[in-house]
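K.L.:
Sequence and predicted model, in that order:
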Amino acid sequence: MIFLADIAFALELTALVLGTALLIFVNKEECSCKQLGKIVAYFTIVASILAMLCTSYYSIRYWEEGVFDSTRVMMEKQVGN
């Protein structure tokens, strides 16, 4: 379960970096779709920050509940008990 949170956080961090890179690229280049690029970049940045906050909140919450202490919970879900 902890690895799922790590993977989600890594993907969200990647989206944040790509959104920032797009924003920097759009501001440097002169193109006809500059406004659209800015909208997409800001949307990506805001969405990735919100997703990172959500992932962090639930990861801490599950950690406090002891879900990450053992793999027993995942094994029970796979077996169906």
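P.N.:
Structure received.
K.L.:
before we move on, which element is the spatially most central residue of the chain in?
P.N.:
Centroid-nearest residue in the chain: residue 12, 2.4 Å away (criterion: CA atoms, centre = their mean). Assessed by DSSP states H and E, residue 12 sits inside helix 2-28.
K.L.:
Buried residues, that helix. List them.
P.N.:
Across helix 2-28, burial judged by 16 or more other CB atoms under 10 Å covers 5, 8, 12, 15, 16, 19, 22, 23, 26. Quick note: C-beta positions are derived from backbone N, CA and C, even for glycine.
K.L.:
List just the nearest of these to residue 64.
P.N.:
Residue 64 lies nearest to residue 5 out of these, by CB to CB, at 13.2 Å.
K.L.:
Next secondary structure element downstream of the helix holding residue 12?
P.N.:
Next along the chain after helix 2-28, taking DSSP H and E as the criterion, comes helix 34-65.
K.L.:
between that following helix and helix 2-28, how big is the angle?
P.N.:
If you take axes from the mean of the first three to the mean of the last three CA atoms, to 10 degrees, helix 34-65 sits at 160 degrees to helix 2-28.
K.L.:
helices and strands around helix 34-65, which ones?
P.N.:
Packing partners of helix 34-65 (3 or more CB pairs under 8 Å, 6 or more residues apart in numbering; DSSP states H and E): helix 2-28.
K.L.:
for the helix it packs on, packing partners?
P.N.:
Using 3+ CB pairs under 8 Å, 6+ apart, the elements in contact with helix 2-28 are helix 34-65.
K.L.:
Tell me the buried residues in the helix it packs on?
P.N.:
37, 41, 44, 45, 48, 51, 52, 55, 59.
K.L.:
okay, the residue nearest to the first one when sequence neighbours are not counted: pLDDT?
P.N.:
Here the nearest residue to residue 37 in space, its sequence neighbours aside, is residue 26; by CB to CB, 6 or more residues apart in numbering that works out to 3.6 Å. The per-residue pLDDT reported for residue 26 equals 92.
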